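the following comprises the amino acid sequence and a computationally predicted model.
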Amino acid sequence: MGNLIIRNAHIKDGEAQKDIKIIDGKIVEIAARIQNDNNLEEIDAKGNAVLPTLIESHIHPDKAFLEDRKPNLSGTLEEALKNTAELKKLYTYDDVKKRAEKVLRWSVLNGTTIMRAHPDVDPFEKTLGVEVLLDLKEKYKEVLDMQIVAFPQEGIIQSPGVLEMMEESIKMGADVVGGCPYSERTMEDTIKQLNIVFDLAEKYNLPIDMHADFGTNADDPQNTCIELICDMTIERGYQGRVAIGHVTTLGSLDPEVAAPIFDKIAKADVSIVPLPVTDMFMTGRTERKNIPRGMAPVLSMMERGVNLAYSSNNIRNAFTPFGNADLIAVGYLLQVSQQMGSADQRRAVLDMVTYNAAKAIGVRDTYGIEVGKNADIVIYDCDDLSNLINDQPLVRYVIKNGKIIVQNELSRKMASVLMGD
């Protein structure tokens with residue numbers, strides 16, 4: 001745990017710069033000027049923007065960097081699942097670790113120190129992804145807090161043995177129960193899977209994080225499960241403990257049909273996590289003109305009180321042949337695709353990858369630029385939060401538990417060239 005004073009931090013647009021004092025990895029004081037009575041290390045933010053470190057609330061490190069091995073030529077979900085299943089049969093521990101570790105390192109360098117990872121648990125990969133990520137969680141614990149989801153990519157009902165593998169994963173140390181209701185063959189089996197997921201979560205008192213409603217056809221009952229999930233959440237008393245990724249089908253509903261559904265999501269306190277790069281790349285493939293954005297309608301949901309985060313999802317594989325674990329870059333795509341152009345809306349996108357994401361994965365008690373919270377802080381080379389995503393700025397410092405873990409500064413020589421000195 002580190003001790004540190006950050007000088008001249010821009011914490012909120014329209015407010016004066018503040019100093020932040022950190023003792024034993026916790027923020028203990030935020031004020032206009034803090035005396036350094038104990039000769040603590042200091043860094044000067046120089047009026048630059050300061051945020052709590054970013055949160056990858058939905059990412060698959062075990063499947064990263066597979067695109068060059070078997071490209072998804074059609075760009076469809078069906079081919080992505082097929083190609084990835086074939087590659088998973090060839091996985092080894094060292095291969096999965098090498099690829100996943102690269103994602104973790106890139107994430108930290110880009111200002112992310114909290115992650116919810118979704119390794120597959122299925123007949124091909126079995127529990128290998130969970131095993132690898134548990135080992136990496138321990139290895140990187142000084143710089144990255146990781147939650148691990150037991151994610152049944154290939155379904156539970158249609159894949160005998162997966163339920164037992166999920167339970168084994170939980171006993172090994174997985175933190176979250178995953179679900180993928182659209183992976184089953186019938187709507188009846190989809191409902192069975194949802195009940196199993198809630199039963200398993202209740203048995204081990206764990207949160208739930210599902211992939212659901214990933215499509216654009218609102219007439220497909222297997223891709224319109226959100227209301228059913230919300231009803232189950234309320235019936236089971238699981239409000240505030242359920243997150244759902246994708247939910248792109250909501251973007252295909254007429255506003256008057258969608259509004260009461262958004263209200264139900266807010267009532268159930270279910271967090272929605274759009275995945276802009278994957279969602280926009282994979283959806284709308286059957287359309288020939290006016291191809292839809294293929295995302296959950298962020299602004300409309302926000303207006304109805306739904307908690308929204310966003311995340312990278314996949315890095316360079318059959319589902320998403322792009323990405324470098326840079327959440328600020330993903331936020332740029334989100335704000336453009338969702339037409340979030342005002343200063344307040346652009347700041348709301350930052351909230352989606354910080355405070356909203358903290359709520360989505362259940363870490364609000366320890367997270368934020370507030371006295372008493374963990375000193376997990378990122379400092380950017382910009383001075384305006386409303387334009388931070390537009391600027392795509394240099395990450396100057398990443399601080400974890402009060403310790404500087406990443407530092408990037410322009411050299412004095414380069415700075416003099418840029419300033420014309």
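In hand now; what should we look at?

can you list the weak-confidence ranges in the chain?
Applying pLDDT under 70 to the predicted model, the residue ranges of the chain that meet it are 411-421.

could you rerun that using 50?
Counting by pLDDT under 50, the chain contains no low-confidence range.

assign the residue nearest to the spatial centre of it to helix, strand or coil.
With distances taken as Cα atoms, centre = their mean, Ser57 lies nearest the centre of the chain, 2.3 Å away. Classification of Ser57 into helix, strand or coil gives strand, according to DSSP: H, G, I helix; E, B strand; the rest coil.

check contacts around it.
Contacts of Ser57 were listed using Cβ atoms under 8 Å, 6 or more residues apart in numbering, and they are Met115, Arg116, Ala243, Val273, Ala309, Tyr310, Ser311, Ala357, Ala360, Ile361. Placement of C-beta: from N, CA and C, glycine included.

among the residues you listed, who's most crowded?
Tyr310 (33 neighbours; other Cβ atoms under 10 Å).

isn't that residue right up against Leu334?
Yes: with contact defined as Cβ atoms under 8 Å, Tyr310 reaches Leu334; the gap is 5.4 Å.

give me the common contacts of those two.
Pro274, Pro276, Val349, Met352.

ok, and the most crowded of those residues?
Neighbour counts for the shared contacts of Tyr310 and Leu334 peak at Pro274, which has 30 neighbours (criterion: other Cβ under 10 Å).

okay, domains of the protein per the record?
Domain ranges of the chain: 4-52+369-419, 57-366, per automatic domain parsing.

deepest of those, which one?
Among the domains of the chain, judged by mean count of other Cβ atoms under 10 Å, the one packed with the most neighbours on average is domain 57-366 (a mean of 20).

distance between that one and the chain's centre?
Computed by Cα atoms, centre = their mean, to the nearest Å, the chain-centroid distance of domain 57-366 equals 8 Å.

endpoints of it, how far apart?
End-to-end distance of domain 57-366: 16 Å, with Cα to Cα, to the nearest Å as the criterion.

swap in stretch 358-377?
For stretch 358-377, by Cα to Cα, the gap between its terminal residues amounts to 14 Å.

isn't Gly75 up against Met282?
Yes: counting by Cβ under 8 Å, a contact exists between Gly75 and Met282, whose distance comes to 6.4 Å.

now, among the contacts of Ser57, which is nearest to Gly14?
The shortest distance between Gly14 and any of these, using Cβ to Cβ, involves Ala357 and amounts to 23.5 Å.

now do the same contact list for the closest one.
Leu54, Ile55, Ser57, Ile114, Val273, Ala309, Tyr310, Ser311.

how close does it sit to Ile30?
Going from Ala357 to Ile30 by Cβ to Cβ, to the nearest Å gives 22 Å.

same thing with Arg396?
For Arg396, the distance to Ile30 under the criterion Cβ to Cβ works out to 19 Å.

also Ile405?
21 Å.

could you look up the SS state of the nearest residue to Ser337 once chain neighbours are set aside?
Spatial nearest neighbour of Ser337, chain neighbours left out: Arg293 (5.1 Å); criterion: Cβ to Cβ, 6 or more residues apart in numbering. Judged by three-state DSSP, the three-state class of Arg293 is coil.

quick check: phi and psi on Arg293?
Note on Arg293: backbone dihedrals following degrees, to the nearest 10 are phi -60, psi -20.

isn't it up against Pro274?
No: taking Cβ under 8 Å as the definition, Arg293 is not a contact partner of Pro274, at 10.2 Å.

ok, now how distant is Asp262 from Arg304?
Just to correct that, residue 262 is Phe rather than Asp. The value you get for Phe262 to Arg304, if Cβ to Cβ is used, is 4 Å.

anything in contact with each of those two?
Common contact partners of Phe262 and Arg304 (Cβ under 8 Å, 6+ apart): none.

and Gln147, how far is that from Asp383?
Between Gln147 and Asp383 the computed distance is 33 Å (Cβ to Cβ).

please apply the same query to Leu109.
Taking Cβ to Cβ, one finds Leu109 at 22 Å from Asp383.

show me the helices in the stretch 251-400 of the chain, by range?
Ranges of helices within the stretch 251-400 of the chain are 255-268, 276-282, 298-303, 327-337, 343-352, 355-360, 388-391, based on DSSP state H, counting those that start in this stretch.

and the fifth one, what does it pack against?
Packing contacts for helix 343-352, counted by 3 or more Cβ pairs under 8 Å, 6 or more residues apart in numbering; DSSP states H and E, involve helix 298-303, helix 327-337, helix 388-391.
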